[in-house]
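In: coords please:
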Amino acid sequence: MSTNDDEIGRLADGWIQYWYATDGSDARGKLSWVSEKEIDLLFEDSEGYWRFILAAYRKDDSPLIRGMLSAGPLEDLLKEYGPAFIDRIEHESERDSSFARLLCGVWLDPTYPVWDRVEALQNLSRDLS
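Out: Numbers count the residues shown, from 1 in each chain. A predicted model of the protein is given here:
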């Protein structure tokens with residue numbers, strides 16, 4: 001499955017709106033499709049999931065969205081596909097120090113194969129702050 005850029009953009013927009021909506025509100029209820037689509041994307045199209053993370057990050061760099069991306073999608077991507085994506089995450093972090101700070105909100109078991117590389121990015125981004 002390959003998710004097109006329009007679908008990725010709509011998901012990123014909906015995901016951002018979901019986190020701004022009040023818990024239990026009608027607005028959040030109308031955005032419930034976001035969670036299902038996000039999980040489907042994670043397990044059916046890891047490349048699309050990476051593009052979703054980048055799209056959401058580029059659309060909204062508020063503390064709320066950065067925190068939710070860190071502890072949610074970025075952490076999930078690393079848990080499921082860390083070895084396949086760590087090079088791209090490092091590259092994006094080198095290109096954009098603000099993206100590197102997202103790694104500070106990621107928590108993985110130290111036995112994960114890429115934990116040492118994630119931890120190095122966390123330390124580097126703390127040094128840049």
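In: can you list the low-confidence ranges for the protein?
Out: 1, 128-129 (pLDDT under 70).
In: got the CA coordinates for the helix or strand containing residue 29 in CSV?
Out: For residue 29, the host element (DSSP states H and E) is helix 26-30. What follows is helix 26-30, C-alpha atoms only, in CSV (Å, rounded to 0.1, in the frame of the first residue of the first chain):
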residue,chain,number,x,y,z
ASP,A,26,-18.0,16.8,19.4
ALA,A,27,-15.0,18.1,17.4
ARG,A,28,-12.8,15.4,18.8
GLY,A,29,-15.5,12.8,18.2
LYS,A,30,-15.7,13.8,14.5
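In: now do the contacts for residue 88.
Out: residue 50 (C-beta atoms under 8 Å, 6 or more residues apart in numbering). Bear in mind the C-beta positions are built from the backbone N, C-alpha and C, glycine included.
In: one step back: give me the contacts around the helix holding residue 29.
Out: With C-beta under 8 Å, 6+ apart, helix 26-30 has contacts from 17, 18, 21, 22.
In: cool, thanks, signing off.
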